[in-house]
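Enquirer: Here is a sequence with its predicted model. Questions after.
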Amino acid sequence: SYREVAFDFCKMKKKSEEVNMKTMPQAKLFKVLPPLERQIDALIAFDASSSELLNGVILAAYFLLYKDLIRLYAVYNEGMINVIEKFFTMSKKDCQESLRIYKAFLKRM
């Protein structure tokens, strides 16, 4: 995902000026959201049984993944708020794309 969008979502500061999902232009938003979706899906796909979580290394990795998932969800949520705010000013094609992205967002919740 870093290769596609050239920044790390997990290391973003809340008030970062270089990358802000709330003020990101529509075209860039459509480019950034799909890799973010894939990254969230990959983190959600991690499945460890309760017996595996007794291992200290796996438990530490699980906590790190969970911490990243919370940060990614916050960034994803800000991006979706931006999409919804811009929905009625978009072209028909962009509205269809934003509706597809929003439906995917709802499935993840």
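Expert: Good, I have the coordinates. Given the structure is predicted, the values throughout are model-derived calculations rather than measurements. Residues are numbered from 1 along each chain as shown.
Enquirer: how near is Lys67 to Thr23?
Expert: For Lys67, the distance to Thr23 (CB to CB, to the nearest Å) stands at 25 Å. Yep, even glycine has a C-beta here, placed from its N, CA and C like the rest.
Enquirer: I misspoke; the intended subject was Val57.
Expert: Distance of Val57 to Thr23, given as CB to CB: 40 Å.
Enquirer: Please say which of the two ends up with more neighbours.
Expert: Thr23 (10 against 7; other CB atoms under 10 Å).
Enquirer: Helix, strand, or coil at the more buried one?
Expert: Three-state assignment for Thr23 (DSSP: H, G, I helix; E, B strand; the rest coil): coil.
Enquirer: Just confirm it contacts Glu85, I think it does.
Expert: No. Judged on CB atoms under 8 Å, Thr23 makes no contact with Glu85 at a distance of 10.2 Å.
Enquirer: Do you have the helices of the protein handy? List them.
Expert: Along the chain, counting by DSSP state H, helices occupy 2-5, 26-44, 56-86, 92-108.
Enquirer: List the buried residues for the last one?
Expert: Translated: helix 92-108. Asp94, Glu97, Ser98, Ile101, Phe105 (16 or more other CB atoms under 10 Å).
Enquirer: Would you check that Ala48 makes contact with Ala60?
Expert: No. Counting by CB under 8 Å, Ala48 stays clear of Ala60, with 11.7 Å between them.
Enquirer: higher neighbour count, these two?
Expert: Using other CB under 10 Å, the more surrounded residue of Ala48 and Ala60 is Ala48, with 13 against 10.
Enquirer: List the contacts of the more buried one.
Expert: Residues near Ala48 by CB atoms under 8 Å, 6 or more residues apart in numbering: Ile58, Tyr62.
Enquirer: ok, and the closest non-adjacent residue to Cys95?
Expert: Phe87 (6.4 Å; CB to CB, 6 or more residues apart in numbering).
Enquirer: ok, the one you found to Phe30 distance?
Expert: 12 Å.
Enquirer: of these two, who's got more company?
Expert: Comparing Phe87 with Phe30 by other CB under 10 Å, the one with more neighbours is Phe30, at 17 against 14.
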